[in-house]
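Give the three-dimensional model of this entry:
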Amino acid sequence: MELKLTGKRALVTGSSTGLGEATAKLLAAEGASVVVHGRNEFRAQAVAEEIRSADGVASVAVGDLATDDGADAVAAAALADGPIDILVNNAGAYDQVGWAEAAAAIWAQTYNVNVISGVRMIQRLVPGMRERGWGRVVQIGGGLGLQPMAVQPHYNATLAARHNLAVSLARDLEGTGVTSNTVAPGAILVDTVQELVTSIAPAHGWGGSWDEIERAAASEWVPNDVGRFGRPDEIAAAVAYLCSDYAEYISGATIRVDGGTIRSAF
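A predicted model of the protein is given here:
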């Protein structure tokens, strides 16, 4: 399907690795000019160079979105070559801290990194979309916002906040030609997830090979109907669709890409 993204400019936060990298590459392959963002310039430049080597258009914005100054720097770099039409708020962080260890300072820092960082970029870039009468804002959320685990309570809560703010923004953007939606991944096979699952596999008796570990973990740890972890490209495809003209009638929605992990009809 031709997604009609040629001529659009997209900023994908946290796109020097993982889901953000896959999303930036797919948007570029669909014709968008992509701004690759990260805190490490070397990694961000490497992703941008891969996009260019595949005949895509990419630039780089470096900065820490957990600070106002960093967000200012990223917005300035992103806007240097023209307006931003698409904002994908992907940047964030998580850990394995439980209730006993999650002090108030950890909650506050996690909220700043995972929620307020996205708000900073919305406030800097969405007014221009509103003025031009076209734009797409996509939050990367997650099923743990709706179906939280006992561990990572602070992380679970930030995902719920991402989902909530996306709907509030959609209401605020009524009639402007700008949409706001959420893509909610399940367990996705990025390097950090594979490393984590491999490290805990022996304690659970999940087998020796990765194929065995993945099947067992997808049954016991993050049960889903497909029987495996998702792939970054599958998340990127959902984001790309929401950024297209075909999704003009979708706003305030959550698209779950989780293999059926969330057991709900709504």
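
Leaving out the residues flanking it, which one is nearest to residue 160?
Take residue 160 and drop its neighbours on the chain: the residue closest to it by Cβ to Cβ, 6 or more residues apart in numbering is residue 145, 3.9 Å away. For glycine as for every other residue, the C-beta is placed from the backbone atoms N, C-alpha and C.

From the structure, what's the count of residues near the one you found?
Under the neighbour criterion other Cβ atoms under 10 Å, residue 145 is assigned a count of 21.

I'd like to know how far it sits from residue 36.
Using Cβ to Cβ, to the nearest Å, we find residue 145 at a distance of 26 Å from residue 36.

In contact with the closest residue to residue 247 other than its chain neighbours, which residues?
Leaving out its chain neighbours, the residue that sits closest to residue 247 by Cβ to Cβ, 6+ apart is residue 241, at 5.7 Å. By Cβ atoms under 8 Å, 6 or more residues apart in numbering, the residues touching residue 241 are 3, 247, 255.

Lowest-confidence member of the residues you listed, which is it?
In this model, the minimum pLDDT among the contacts of residue 241 belongs to residue 3 (94).

Tell me how many other residues crowd the closest residue to that one other than its chain neighbours.
Nearest residue to residue 3, sequence neighbours excluded (Cβ to Cβ, 6+ apart): residue 244, at 3.9 Å. Each residue near residue 244 was counted by other Cβ under 10 Å, and the total is 21.

Check residue 19 too.
By other Cβ under 10 Å, the residues close to residue 19 number 26.

One more: residue 204?
Neighbours around residue 204, by other Cβ under 10 Å: 13.

my guess is it meets residue 216, correct?
Yes. Taking contacts as Cβ atoms under 8 Å, residue 204 lies within contact range of residue 216: 7.1 Å.

do you know how far the residue nearest to residue 160 is from residue 157?
Applying Cβ to Cβ to residue 145 and residue 157 gives a distance of 8 Å.

buried ones in the longest helix seen in the chain?
Secondary structure of the chain per DSSP state H: the longest helix is helix 153-172. For helix 153-172, the neighbour count (16 or more other Cβ atoms under 10 Å) marks 153-163, 165-167, 169-170 as buried.

Following it in sequence, what is the next regular element?
Proceeding N to C from helix 153-172, the next assigned helix or strand is strand 178-185, under DSSP states H and E.

Great, nothing more from me.
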